[in-house]
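Chemist: Only the shape, not the letters, is given here:
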């Protein structure tokens, strides 16, 4: 539970001055909570801005908003062995493209926060161990080619998938140089609170978008908000308290046509009290 309070300090003349604090961090007038978290003033909370793009949302069929463009997402299991590879031989430890890829997610079974830095092997498969979720991946070091504007990053598309050429759970393409997936899971021992979600399309087409959550062991997804969008990005405030291991994602379906949808959500998580 978040805790608010105040303390009073006296200046040289003995006049009192009040300072408010939030979860042990002093709040400074004119400083937003977002800034306080990003700057390290507030060390008890972690901010997440999760965003994705689906380049081929079908007409009349719901799909998660991620680059994989599939009606189901295969990454929601307690434990799976994973591997990765690139479509380009330039993405290798001594190559011109991505040399080291950082993968962020949750540890298999325990759902603890996990980060792994992986040496790339071009089109060769690299085993990356066991995971419960993969939330994000991006180049950590590069050889000066590939990525956005061709100045450093992945040259090919990196596929992260279940072992033995199994189902894809994340993609990193040169267009974005990191995963584009409006999918995330609350780590073990943490509680997340959402602040907003958003969706839009670069095309003049209509789509139905939904913000979905699934609590661990609940056995299904629940719609927390549903909107209809046409082209321009819209943002909606929403406050949800999400316990540990809760999955959250944005889905979309075409209303009369297929097309591109961008979407995401913002939240903050902290230790469960």
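Modeler: Right, received. Where do you want to start? Remember, it's a predicted structure, so these values are computed and weren't measured experimentally.
Chemist: All the strands of the stretch 101-250 of the chain, in order from the start?
Modeler: Taking DSSP state E, counting those that start in this stretch as the criterion, the stretch 101-250 of the chain carries its strands at 113-119, 126-142, 158-162, 168-172, 183-185, 190-200, 206-214, 222-230, 234-237, 241-242, 247-254.
Chemist: Nearest to residue 265, out of those?
Modeler: Ranking the strands of the stretch 101-250 of the chain by their distance to residue 265 (criterion: C-beta to C-beta) puts strand 190-200 first, at 3.9 Å. Every C-beta, even on glycine, is put in place using the N, C-alpha and C of the backbone.
Chemist: can you tell me how far residue 194 sits from residue 149?
Modeler: Look at residue 194 and residue 149: by C-beta to C-beta, to the nearest Å, they are 33 Å apart.
Chemist: When those two are compared, which one has more neighbours?
Modeler: The residue with more neighbours, out of residue 194 and residue 149, is residue 194; 22 against 9, by other C-beta atoms under 10 Å.
Chemist: OK, contacts around the more buried one?
Modeler: Contacts for residue 194 (C-beta atoms under 8 Å, 6 or more residues apart in numbering) come out as 238, 239, 240, 242, 248, 265, 266, 267.
Chemist: how about these in CSV, adding pLDDT?
Modeler: CSV is the format used below for these (pLDDT from 0 to 100):
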residue, pLDDT
238, 97
239, 96
240, 97
242, 97
248, 98
265, 98
266, 96
267, 95
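Chemist: Out of those residues, flag the one nearest to residue 205.
Modeler: Among the contacts of residue 194, and counting by C-beta to C-beta, the member closest to residue 205 is residue 265, at 21.8 Å.
Chemist: which ones are touching the closest one?
Modeler: By C-beta under 8 Å, 6+ apart, the contact list for residue 265 reads 50, 182, 184, 194, 196, 197, 198, 211, 248, 250.
Chemist: if you set the cut-off to 7 Å instead, what comes out?
Modeler: Residue 265 sits next to 50, 182, 194, 196, 197, 211, 248, 250 when contact means C-beta atoms under 7 Å, 6 or more residues apart in numbering.
Chemist: Mind putting those residues into a markdown table with distance to residue 97?
Modeler: Shown next, in a markdown table, are those (distance: C-beta to C-beta, whole Å):
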| residue | distance to residue 97 |
| --- | --- |
| 50 | 25 |
| 182 | 26 |
| 194 | 35 |
| 196 | 35 |
| 197 | 33 |
| 211 | 35 |
| 248 | 32 |
| 250 | 30 |
